[in-house]
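# build the 3D model from these lines:
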Amino acid sequence: MLSQEDNLLFQSYISVALFAELRRNNFIDSDFFKGMSFGAQAIKTELKNIGVDNQGSALMSLYAMLVIPRELIFKKYPNKVAEINDFLEQNSKNVHTTYRSDQQKVDFLRHIRNSVSHTRVTFEPSKSIGFSDQNTRTREQFTSELPLEYFGEFIEKLQEVHLTYIKELQSSQ
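Below you'll find the predicted structure:
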C-alpha cells in the first residue's frame, strides 16, 4: 500500500504524463475533442488557442515534478540530481546569484524549485522561462532563464528520476 506522500507524488506525475500524451497525440485536433461539450464554452475555445502544451501546464508540470517530490525523491538520488543541476548550469542563460551558498557551485535545482513553489516564474513566449528566487531575510537573490528549446529535456530528466522512484515503489509492493 502506498503512503499518502507516495500516492500524491504518483498521481501528480500521472497527471503530468497525461498532458504530455494529450499533446503527443494531438488531442486538440481530435474528433473526440471537437465533439466534447464543456460547461464553459470559453474554456474549449481558449484550449484551441493555447493548446495543451501551454504556460499553465508547464508551471503545473514543474510544480508536480519539483515541489511535491523534493523530500521524497531528490535526497534519494543525489547523482541524478547532480546531473540535472549540471544540465541546468550548462543551458541556463542570464544567471545572476547573490546567494553565498552558490559561491562554489550554483544550486539551480533548489532555486528553480523555490521559484516555482512561490510562483516567481515568467515566460518569454517562444523564447524562455525565467526563474527568480529570493530570501527576503538575507536579501539574497537568484535569477536565470531556461531557453524553451531545453525545457522538454529538463522535464525528461525530471521524469527519469520520477520513473526510477515509481519503479522502485512498484517492485516493493
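
# let's verify Glu145: helix, strand, or coil?
Classification of Glu145 using DSSP: H, G, I helix; E, B strand; the rest coil returns strand.

# run a quick neighbour tally on the nearest residue to it once chain neighbours are set aside.
Distance criterion C-beta to C-beta, 6 or more residues apart in numbering; nearest residue to Glu145, sequence neighbours excluded, is Ser128 at 4.3 Å. Every C-beta, even on glycine, is put in place using the N, C-alpha and C of the backbone. Number of residues near Ser128 (other C-beta atoms under 10 Å) recorded here: 20.

# number the chain from 430, please
With the count now opening at 430, the last piece we talked about shows up as Ser557.

# can you tell me how far Ser557 is from Tyr579?
Distance, Ser557 to Tyr579, by C-beta to C-beta, to the nearest Å: 9 Å.

# still on that earlier bit, tell me the contacts of the residue nearest to Glu574?
Applying C-beta atoms under 8 Å, 6 or more residues apart in numbering to Ser557 gives the contacts Lys522, Glu574, Leu575, Pro576, Leu577.

# mind putting the residues you listed into JSON lines with pLDDT and neighbour count?
Formatted as JSON lines, the contacts of Ser557 follow (pLDDT from 0 to 100; neighbours: other C-beta atoms under 10 Å):
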{"residue": "Lys522", "pLDDT": "97", "neighbour count": "12"}
{"residue": "Glu574", "pLDDT": "98", "neighbour count": "17"}
{"residue": "Leu575", "pLDDT": "98", "neighbour count": "21"}
{"residue": "Pro576", "pLDDT": "97", "neighbour count": "13"}
{"residue": "Leu577", "pLDDT": "94", "neighbour count": "15"}
